[in-house]
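In: Below are the sequence and a predicted model; questions follow.
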Amino acid sequence: TQGQNGVPDLEDAGEHVHKLRSDNWFNRKDDIGLSALYIERYLNYGLTPEELTSGKPIIGIAQSGSDISPCNRHHIQIAKRVREAIRSAGGVALEFPVHSIQETSRRPTATLDRNLSYLSLVEMLYAYPFDGVVLLTGCDKTTPAALMAAATMNIPAICLNVGPMLNGYIKNQRVGSGTVVWQARELHAQGKLDAAGFMDMISSGTPSVGHCNTMGTASTMNALAEALGMALPGSAGIPAPYRERMQCAYQTGLQIVEMVRADRKPSDIMTREAFENAIVVNTAIGGSTNAPIHLNAIAKHIGVPLDNDDWDRIGLKIPLLVNVMPAGEMLMEEYHRAGALPAVMAELFDQGKIHVNALTCTGKTIGECVEGKNSWDRATIRAYDQPLKHDAGFVHLTGTLFDSAIMKTSVIAEDFRKEYLENPDDPNAFEAKVVVFDGPEDYNKRLESADIDRRTILVMRGTGPLGYPGAAEVVNMHPPGRLLKAGISSLPCIGDGRQSGTSGSPSILNASPEAADGGNLALLQDGDRLRVDLNKKRVDILLSEAELAARRADLNARGGYKGPESHTPWQDIFRRETGQLNEGMVLKRAVQFQRVAQT
Ligand code: FES
Ligand code: MG
């Protein structure tokens, strides 16, 4: 029988057909004494030996909400509904906490915890008797951390998003969480907003439980989890407080038990085709610039080759279809009502832009899940031939300043385009002098006093994975107050850090190698000139090779480019073990461990 969302109704599913991983704990024919030892402590909250030994799949619920992870906190309630479904499908649920990550208050930066959460989750899944796992995802880094762990472990796994917040409003104007911060900062810098007004404006963007209600990194990564086939169709966009969220939790719980019985694993779902689909989807939704970092990381952990050239080649020419902030006007409530990801993928399906045969967690192909689901609300999800923007993906740039950096072209404002990209003699290219900041503290200190005019490139360095540790979201810099007052809302920004997915800044970011890893960004000085050429996809330093060599020798003599000291053991370990942003910022030693569950 078929339930909601096409998910099979599993309440009367029969005996399991293959040997369960948990049998190695609870059903050891070779050593019943050992099994007794494994079983006995699980009984002290009322489980019976019969439940643990009768072939019921043991399903983990990796619970990522907590008081310090407010974006995911609603999972404390949602997990109960998942548990009921697992039970009614004939499984046993074991809920456990995941290392908490809070995007906005974690110092120095939340990305530092993605790999830590990943490591801890792999260890939990490996060490305990799980046959499958429901990954409760939401806030930015919680989703990639969970998918990376699922990739390494390769036991049946399914994502369940906490869901976005309801729309924020000031009067009848939509206010997007995250995105409003950048707007409020500009108003504050222009002297149009006092401290209390600043606080009010930002708070109005966060009206309920759930993650950011814009197409920031959270909405993006959960949409990509669904595009990969790792979440139920239509699930990622359901606002956290909606009744469908709890119903979806129930369907997800049923589905994971079916997945264990069918032995449907991440490696069956997260194939090269699935990753290519996710890249296409990311452009169509106007997804975050953090997506390449995280998707490349997930791919590395499951052994699928994927790099930033793939993002440019597969994603750049796709149009922007979703009219949600920061690239558009709406928020996630409209997006959900308009049909959410299945509606977006139906457009891509009709144009032959996705691999329709990629398998999903449901056992159906992605094509079967999305065909004919086109939106009725064309203001929010556009038809493929009437997009918000053409060629809306990421440009992959190289050159003498870095080997790899990306630029999200869909958020470039018209005034920026006119000033920088529409010179008839040199279209899509410009040369300008730089002002260089060593981290956000230096930027805050010197922004108003530095020699910045309307033709200045702002450079942010020392903010990559090793420099800041974790890579800070600081490349989107606003111009000094005097330029903002003169109506100049954005200058070109380049940096080795990241930028928030909720930001609409025309930045060249994720530059690798970073200054602290030997990148040429470390050699720049205020007043140097750069050439940015979006046709050739290059950023070059307009200095002689001899000058660069002399500066390099000088830097080496001073011991290289140094970021702040490490203040905790993990900061130090992270810096020693982690690769660059273009490579997914993964723990280099971790990627050699694949399909761990089979060992
Ligand atoms: Fe957690 Fe945006 S800060 S989802
Ligand atoms: Mg974010």
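Out: In hand now; what should we look at? Ligands and ions are numbered 1, 2, ... in the order given.
In: ok, now how distant is R454 from P480?
Out: In this structure, R454 and P480 are separated by 11 Å, where distance is defined by CB to CB, to the nearest Å. Glycine gets a C-beta too; all of them are placed from N, C-alpha and C.
In: The two - which one has more neighbours?
Out: It is P480, of R454 and P480, that has more neighbours when counted by other CB atoms under 10 Å, with 22 against 13.
In: near ligand 1, which residues of this protein?
Out: Proximity of the chain to ligand 1 is confined to C71, E103, T104, C139, D140, G178, H211, C212, G216, A218 under the rule CB under 6 Å from any ligand atom.
In: and the closest residue to the third one other than its chain neighbours, what does it touch?
Out: Put plainly, it is T104. On the basis of CB to CB, 6 or more residues apart in numbering, the spatially nearest residue to T104 that is not a chain neighbour turns out to be A110, at 7.7 Å. For A110, the residues meeting the contact criterion (CB atoms under 8 Å, 6 or more residues apart in numbering) are I101, Q102, E103, T104, D140, K141, G470.
In: what are the ranges of the strands in the stretch 301-450 of the chain?
Out: For the stretch 301-450 of the chain, applying DSSP state E, counting those that start in this stretch gives strands covering 394-397, 404-408, 429-438.
In: Return the most buried member of these.
Out: Per-residue neighbour counts averaged over each of the strands of the stretch 301-450 of the chain give the maximum for strand 404-408, namely a mean of 25 (mean count of other CB atoms under 10 Å).
In: so how far is that one off the chain centroid?
Out: How far strand 404-408 lies from its chain's middle: 16 Å, per CA atoms, centre = their mean, to the nearest Å.
In: Return the list of strands paired to it, each annotated with direction.
Out: According to DSSP bridges, strand 404-408 forms sheet pairs with strand 394-397 (antiparallel), strand 507-512 (antiparallel).
In: if we can go back for a sec, neighbour-wise, which of the contacts of A110 leads?
Out: In terms of neighbour count, D140 stands highest of those at 33 neighbours, by other CB under 10 Å.
In: ok, M199 to N172 distance?
Out: Using CB to CB, one obtains 21 Å as the distance from M199 to N172.
In: the more surrounded of those two?
Out: M199 (12 against 5).
In: Would you mind measuring from that one to R83?
Out: Remark: distance between M199 and R83 (CB to CB) = 38 Å.
In: I494 now?
Out: Computed with CB to CB, the distance linking I494 and R83 is 48 Å.
In: between those two, who's got more neighbours?
Out: Under the criterion of other CB under 10 Å, the comparison of I494 against R83 puts I494 first, with 27 against 21.
In: Hmm, D309 is touching H396, no?
Out: Yes - under the contact definition of CB atoms under 8 Å, D309 touches H396, with a separation of 5.8 Å.
In: doesn't I61 fall inside a helix?
Out: No - the assignment for I61 by DSSP: H, G, I helix; E, B strand; the rest coil gives strand, which leaves it out of any helix.
In: What degree of burial does it show, as a neighbour count?
Out: 26.
In: How about the one 5 residues further on?
Out: Neighbouring residues of S66 were enumerated by other CB under 10 Å; the total is 17.
In: Which phi and psi values does it adopt?
Out: When quoted as degrees, to the nearest 10, the phi and psi of S66 stand at phi -160, psi 170.
In: ok, it - contacts?
Out: For S66, the contact set (CB under 8 Å, 6+ apart) comprises N72, R73, I76, P97, S100.
In: what does the model give it for pLDDT?
Out: On pLDDT, S66 comes in at 96.
In: Also A93?
Out: According to the per-residue confidence, A93 scores 98 in pLDDT.
In: And for G191?
Out: Note on G191: pLDDT of 88.
In: which non-adjacent residue is nearest it?
Out: Excluding the flanking residues, the one nearest G191 by CB to CB, 6+ apart is G481, at 7.3 Å.
In: give me the number of residues near the one you found?
Out: Residues contacting G481 under the criterion other CB under 10 Å number 15.
In: if I pick it, what's in contact with it?
Out: G481 is in contact with A189, Q190, G191, E448, counting by CB under 8 Å, 6+ apart.
In: can you check G560 too?
Out: When contacts are counted by CB under 8 Å, 6+ apart, G560 is found next to A516, G518, A522.
In: Tell me who's in contact with the last one.
Out: A522 makes contacts with R461, A515, A516, L555, G560, Y561, as judged by CB under 8 Å, 6+ apart.
In: Buried ones only from the residues you listed, please, as a PyMOL command.
Out: A single PyMOL command is used to select the members of the contacts of A522 judged buried by 16 or more other CB atoms under 10 Å:
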select buried, resi 461+515+516+561
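In: out of the contacts of A522, who's nearest S544?
Out: Of all those, the one sitting nearest S544 is L555; the distance, using CB to CB, is 16.5 Å.
In: did I read that right, the closest one in a strand?
Out: No - assignment of L555 by three-state DSSP gives helix, placing it outside any strand.
In: Low-confidence bits of the chain, can you list those?
Out: Low-confidence segments of the chain, defined by pLDDT under 70, span residues 1-18, 502-504, 599.
In: let's see it at 80
Out: The chain contains residues with pLDDT under 80 at 1-18, 409-411, 413, 500-506, 598-599.
In: From one end of stretch 254-268 to the other, what's the distance?
Out: As for stretch 254-268, its first-to-last residue distance stands at 19 Å under the measure CA to CA, to the nearest Å.
In: Mind naming the longest helix for the chain?
Out: Criterion DSSP state H: the longest helix present in the chain is helix 243-262.
In: any idea how far R482 is from ligand 1?
Out: R482 sits at a distance of 31 Å from ligand 1 (criterion: CB to the nearest ligand atom, to the nearest Å).
In: mind listing what that residue touches?
Out: When the contact criterion is CB under 8 Å, 6+ apart, the partners of R482 are E448.
In: is it true that it lies in a helix?
Out: Yes - per three-state DSSP, R482 lies within a helix segment.
In: Of the residues of the chain next to ligand 1, which is the most crowded?
Out: Within these, A218 tops the neighbour count with 36 neighbours, counted by other CB under 10 Å.
In: D140 is in contact with that residue, correct?
Out: Yes - counting by CB under 8 Å, a contact exists between A218 and D140, whose distance comes to 5.1 Å.
In: What's the end-to-end length of stretch 581-595?
Out: From the first residue to the last, stretch 581-595 extends over 24 Å; the measure is CA to CA.
In: closest one to ligand 2 among the strands paired with strand 404-408?
Out: strand 507-512 (13.3 Å; CB to the ion).
In: Buried ones in the closest one, by neighbour count?
Out: Within strand 507-512, the residues scored as buried using 16+ other CB under 10 Å are S507, I508, L509, N510, A511, S512.
In: Which residue is the nearest non-sequential neighbour of the fourth one?
Out: Nearest-residue entry for N510: L581, 4.2 Å, with adjacent residues in sequence omitted and distances by CB to CB, 6+ apart.
In: Tell me which residues touch the one you found, please.
Out: I293, G464, P465, A471, D496, R498, N510, A511, S512, E514.
In: Go again with 6 Å.
Out: By CB atoms under 6 Å, 6 or more residues apart in numbering, L581 lies in contact with I293, N510, S512.
In: what do you get for G132?
Out: G132 sits next to I59, I155, P156, I256, M259, V260 when contact means CB under 6 Å, 6+ apart.
In: so it bridges to which residues?
Out: The partner list for G132 in beta bridges (DSSP bridges) reads I59.
In: sorry, back to before: quick one: the residue nearest to G191 from ligand 2, how far?
Out: Counting by CB to the ion, to the nearest Å, the gap from G481 to ligand 2 is 25 Å.
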